[in-house]
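1. Make a model of this:
(one chain, ligands or ions: 1)
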Amino acid sequence: MKTAFYHDERCLWHTTGEHALILPVGGWVQPPAGAGHAESPESKRRFRNLLEVSGLTKHLDMRGAAPATREDMLRVHPADYIDRFKALSDAGGGNAGIYSPFGQGSFEIAAISAGLAKQAVADVWARRVQNAYVLSRPPGHHCLPEQSMGFCLLANIPIAIEALRAKHGPLRVAVLDWDVHHGNGTQAVYYNRADTLTISIHQEGCFPPGQGLPSERGEGAGFGTNLNVPLLPGGGHRAYLDAMEILVVPALRDFRPDMIIVASGLDANGFDPLARMQAHSDTFREMTAEIMALAAELCGGRMLCVHEGGYAEAIVPFCGLAVVETLAGTRTEVRDPVLDLLCAQQPAADYVAFQRDRLLAQADKLAKAA
Ligand code: ZN
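-> Predicted coordinates for the structure are as follows:
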């Protein structure tokens, strides 16, 4: 069995309309010369192409998938959201929520994006593949059941999980979201449910502003199965590894999942224009290895990554390559050209210690509440 890579060229054909970074063109905002909107296909296209030219694709099982069906979507989204999104998409595009513009036909492309996640989850569960990376677009982790948000048009991971459960019954699934922004959509879907552990490591107060607090622990039957780990801006490589050691790994061990899904945003890297975390490709490499080891210990190795954000077009491919190389257990001859620079730009030791103390305090508070 190989590591599988799920992708569909059509995911790169979803358009976000004329924007400069996240600003709609017009008024004082000059039209861009290049790609324009932050969530452009370029970072993903370059990621896929680096896998190809590095030779890594020879070690991968390259797969596609059927689009998610309306029935799949209805397990997570209300019918009126699906209908509204489809009608806008058919009419040339629009926005079915907040910060989530799309063009003609994006509904069908979003269904492909969710379908890739659905197929990967099914294949990992059935052990048809060793593990998987899903290069899907549009992303999913900010999308709420009733509205799109933050470039996310369908809740890809929940759609995939619920399709698996519809077929195989109740399963315990853990979602670790290491996108630099809070995984608010996934949290919202599972906030009241005990069968899904949702963990988000993110830059404190970044997006959505004011959300992703440690006090958001879940409600009702879901109390205790939501964990937010906000990190101080600029925390860098060490902040992520400390978050894994102090909070994330213990939470996963306690929960004992049947499968672990990583919401793999690559926007914590030090060059991302939409965040300030100063991580690098080895951060993603090490976190991937940790989750693989934990999955081997807890759930027969069943784990996969589903792509989310990442807007530094030149840098994302090297972070993505590090994740996929680790999943596949092989190294190519590619060396991340900014790794040495970012390793030299890490925060001072007292800042790292201050962040670590905050994480230890959060763990202490959780232990006392248990
Ligand atoms: Zn993000």
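
2. Sketch out the low-pLDDT regions of the protein for me.
-> Within the chain, the stretches with pLDDT under 70 are 35.

3. Just the helices from it, written as ranges.
-> Assigned by DSSP state H, the chain shows helices spanning 42-53, 70-74, 79-90, 106-125, 156-168, 184-190, 236-243, 249-255, 281-298, 316-328, 339-344, 349-369.

4. Adding distance to the ion and mean neighbour count as columns, could you present the ones you listed in JSON lines?
-> Heads up, the C-betas are built off the backbone N, CA and C, glycines and all. Putting the helices of the chain into JSON lines (distance: least, CB to the ion, whole Å; neighbours: other CB atoms under 10 Å) gives the following:
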{"stretch": "helix 42-53", "distance to the ion": "11", "mean neighbour count": "19"}
{"stretch": "helix 70-74", "distance to the ion": "22", "mean neighbour count": "16"}
{"stretch": "helix 79-90", "distance to the ion": "21", "mean neighbour count": "16"}
{"stretch": "helix 106-125", "distance to the ion": "15", "mean neighbour count": "25"}
{"stretch": "helix 156-168", "distance to the ion": "14", "mean neighbour count": "23"}
{"stretch": "helix 184-190", "distance to the ion": "11", "mean neighbour count": "25"}
{"stretch": "helix 236-243", "distance to the ion": "14", "mean neighbour count": "23"}
{"stretch": "helix 249-255", "distance to the ion": "21", "mean neighbour count": "17"}
{"stretch": "helix 281-298", "distance to the ion": "13", "mean neighbour count": "20"}
{"stretch": "helix 316-328", "distance to the ion": "11", "mean neighbour count": "25"}
{"stretch": "helix 339-344", "distance to the ion": "18", "mean neighbour count": "14"}
{"stretch": "helix 349-369", "distance to the ion": "20", "mean neighbour count": "14"}
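
5. Of all those, which one comes closest to G140?
-> Relative to G140, the nearest member of those by CB to CB is helix 156-168, separated by 3.2 Å.

6. Quick one: list the elements packing against that closest one.
-> helix 70-74, helix 106-125, strand 173-177, helix 184-190, strand 259-264, strand 303-307 (3 or more CB pairs under 8 Å, 6 or more residues apart in numbering; DSSP states H and E).

7. isn't C206 right next to H181, touching?
-> Yes. Contact criterion CB atoms under 8 Å: C206 and H181 qualify, at 5.7 Å.

8. if you count what's nearby, which of the two comes out ahead?
-> Neighbour tally, C206 and H181, criterion other CB atoms under 10 Å: the higher count belongs to H181, 26 against 20.

9. got a list of what the more buried one touches?
-> Each residue near H181 by CB atoms under 8 Å, 6 or more residues apart in numbering is listed here: 141-142, 150, 202-203, 206-208, 265, 267, 274-275, 309.

10. closest to E286 among these?
-> G265 (16.3 Å).

11. List the residues that contact the closest one.
-> Applying CB under 8 Å, 6+ apart, the residues near G265 are 139, 141, 177-181, 307-310.

12. What's the separation between it and K86?
-> 26 Å (CB to CB, to the nearest Å).

13. now swap in L50 and tell me
-> 34 Å.

14. what do you get for A370?
-> From A370 to K86 the distance is 44 Å (CB to CB).

15. cool, and D364?
-> For D364, the distance to K86 - CB to CB - is 48 Å.

16. One more: I161?
-> I161 is 22 Å from K86, by CB to CB.

17. wait, what's in contact with R172?
-> 195-197, 255-259.

18. Weed out the non-buried ones from these.
-> 195-197, 255, 257-259 (16 or more other CB atoms under 10 Å).

19. can you put the helices and strands packed on helix 156-168 in TSV and add distance to F223?
-> Compiled in TSV, the helices and strands packed on helix 156-168 are given as follows (distance: least, CB to CB, whole Å):
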stretch	distance to F223
helix 70-74	27
helix 106-125	25
strand 173-177	16
helix 184-190	12
strand 259-264	21
strand 303-307	25
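
20. For G235, find the nearest of those.
-> Nearest of the helices and strands packed on helix 156-168 (CB to CB): strand 173-177, 16.3 Å.

21. who does the closest one pair up with?
-> Strand pairing for strand 173-177, using DSSP bridges, gives strand 196-203 (parallel), strand 259-264 (parallel).

22. quick one on the thing from earlier: and the helices of the chain: which comes nearest Y133?
-> Between the helices of the chain, helix 316-328 lies closest to Y133; by CB to CB that is 5.1 Å.

23. Does anything pack onto the closest one? Which helices or strands?
-> Looks like helix 316-328 contacts strand 3-6, helix 42-53, strand 131-134, helix 281-298, strand 303-307 (3+ CB pairs under 8 Å, 6+ apart).

24. run the last query once more with 6 Å
-> Packing partners of helix 316-328 (3 or more CB pairs under 6 Å, 6 or more residues apart in numbering; DSSP states H and E): helix 42-53, helix 281-298.

25. Contacts made by the shortest one with the rest, please.
-> By that I understand helix 42-53. Contacts with helix 42-53, where a contact means CB atoms under 6 Å, 6 or more residues apart in numbering, come from 12, 35, 57, 135, 137, 310, 313, 316-317, 320-321.

26. how about those, which pair is most distant?
-> Applying CB to CB across the contacts of helix 42-53, the maximum distance is between A35 and T57, 24.3 Å.

27. how much space between G55 and Y311?
-> Distance check for G55 against Y311: by CB to CB, it reads 27 Å.

28. Name the residue in these two with the higher neighbour count.
-> When G55 and Y311 are compared for neighbours, Y311 comes out ahead with 25 against 12, by other CB under 10 Å.

29. Setting the sequence-adjacent residues aside, check what's closest to that one.
-> Once flanking residues are discounted, Y311 sits nearest to A38: 4.5 Å by CB to CB, 6 or more residues apart in numbering.
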